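>>> I'll drop the sequence and a predicted model, then ask my questions.
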Amino acid sequence: MAAASLLVEILLGDKREAMGSAKRLIVSRAAFVPSFLAAVVSERRAALSARVAAAYAFGFIGGWASARPLLGVLRDASESADLRSHVAEALGNIADSRALEPLGDTLLSENPPSLKLWCIYAITEIGGTRALAILSEFDDRRRRGRLREELEKALKRLAAPGG
C-alpha cells in the first residue's frame with residue numbers, strides 16, 4: 001500500500017486501524033513521512049488515535065530535524081497524557097540527546113506517573129552522562145511504586161559500562 005494511503009488511514013481510521021497503518025508505514029520508509037507525522041501529532045483537530053499512531057510511527061522513522069512539533073506536545077500539559085507518553089517514547093526511540101532537557105523537564109514536573117514512566121524510558125534510551133544526571137535528580141525525590149522500580153532499572157542500565 002502506498003505511503004499516502006497509509007497516512008490517510010492513520011487520519012481517518014479507528015484506533016486499531018490507525019495503529020496498524022502506522023506499523024505498515026514504518027516499513028514503507030517514505031522520505032516525506034516524518035514531517036507529515038510530526039504535523040499530525042501536533043494537530044489538535046486530528047483524532048487522538050491518529051495523533052497517537054503518528055507519534056508511534058515517528059519514533060521509528062522520524063529524526064531530530066522533524067521533531068520540533070513533538071516537543072511542543074510533550075511540554076503542553078493540556079494535551080492528553082496518553083499522547084504525551086507516546087511522544088516521549090518516540091523521542092526516546094530517535095535517541096537524540098537534544099531531547100534530554102525537554103524529557104527531563106517533563107519528568108521533574110507535576111505530570112501523571114504513566115507519562116513519567118515513558119520519560120524514564122526515553123531518557124534511558126538516549127543515555128549518556130546527562131541522562132544519568134537527570135534520572136539521579138529525579139531519584140533524589142524518592143519516588144515509590146512502579147516509578148521507583150523503573151527508575152532503579154534505568155539507573156543500573158545507565159551506570160553499567162557502555163550504558
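Thanks, I have it.
>>> For this protein, give me the ranges with low pLDDT.
Scanning the chain with the threshold set as pLDDT under 70 gives 1, 142-143, 163.
>>> show me where it has helices.
Read by DSSP state H, the chain holds these helices, from start to end of the chain: 3-12, 15-28, 33-42, 48-61, 68-75, 81-94, 100-108, 113-126, 129-139, 145-159.
>>> what would those look like in CSV with mean neighbour count?
Placement of C-beta: from N, CA and C, glycine included. As requested, those are exported to CSV (neighbours: other CB atoms under 10 Å):
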stretch, mean neighbour count
helix 3-12, 18
helix 15-28, 18
helix 33-42, 22
helix 48-61, 25
helix 68-75, 20
helix 81-94, 24
helix 100-108, 19
helix 113-126, 22
helix 129-139, 17
helix 145-159, 15
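>>> got the contact list for the nearest residue to S136 once chain neighbours are set aside?
With CB to CB, 6 or more residues apart in numbering as the measure, L155 is the residue that lies nearest to S136, at 7.1 Å, once sequence neighbours are left out. Contact analysis of L155 by CB atoms under 8 Å, 6 or more residues apart in numbering lists L132, L135, S136, D139.
>>> and which of those is nearest E43?
Looking at those and their distance to E43, the nearest is L135, at 31.8 Å (CB to CB).
>>> pretty sure that closest one contacts K153?
No. Using CB atoms under 8 Å as the test, L135 is too far from K153 to be in contact (10.4 Å).
>>> what does stretch 109-116 rub up against?
A77, A81, D82, R84, S85, A88, T106, L107, C119, G145, R146, L147.
>>> Distance check, the second one against L25.
A81 sits 24 Å away from L25, going by CB to CB, to the nearest Å.
>>> Also the fourth one?
Taking CB to CB as the measure, R84 falls 21 Å from L25.
>>> And L11, by the same measure?
Taking CB to CB as the measure, L11 falls 12 Å from L25.
>>> And for G72?
Taken as CB to CB, the spacing of G72 relative to L25 amounts to 22 Å.
>>> pull the CA atoms of stretch 117-126 into CSV?
As requested, the backbone C-alpha atoms of stretch 117-126 are provided in CSV (Å, rounded to 0.1, in the frame of the first residue of the first chain):
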residue,chain,number,x,y,z
LEU,A,117,7.5,6.2,33.1
TRP,A,118,7.8,6.9,29.4
CYS,A,119,10.1,9.8,30.1
ILE,A,120,12.3,7.4,32.1
TYR,A,121,12.3,5.0,29.2
ALA,A,122,13.2,7.8,26.7
ILE,A,123,15.9,9.3,28.8
THR,A,124,17.4,5.8,29.3
GLU,A,125,17.3,5.1,25.6
ILE,A,126,19.2,8.3,24.9
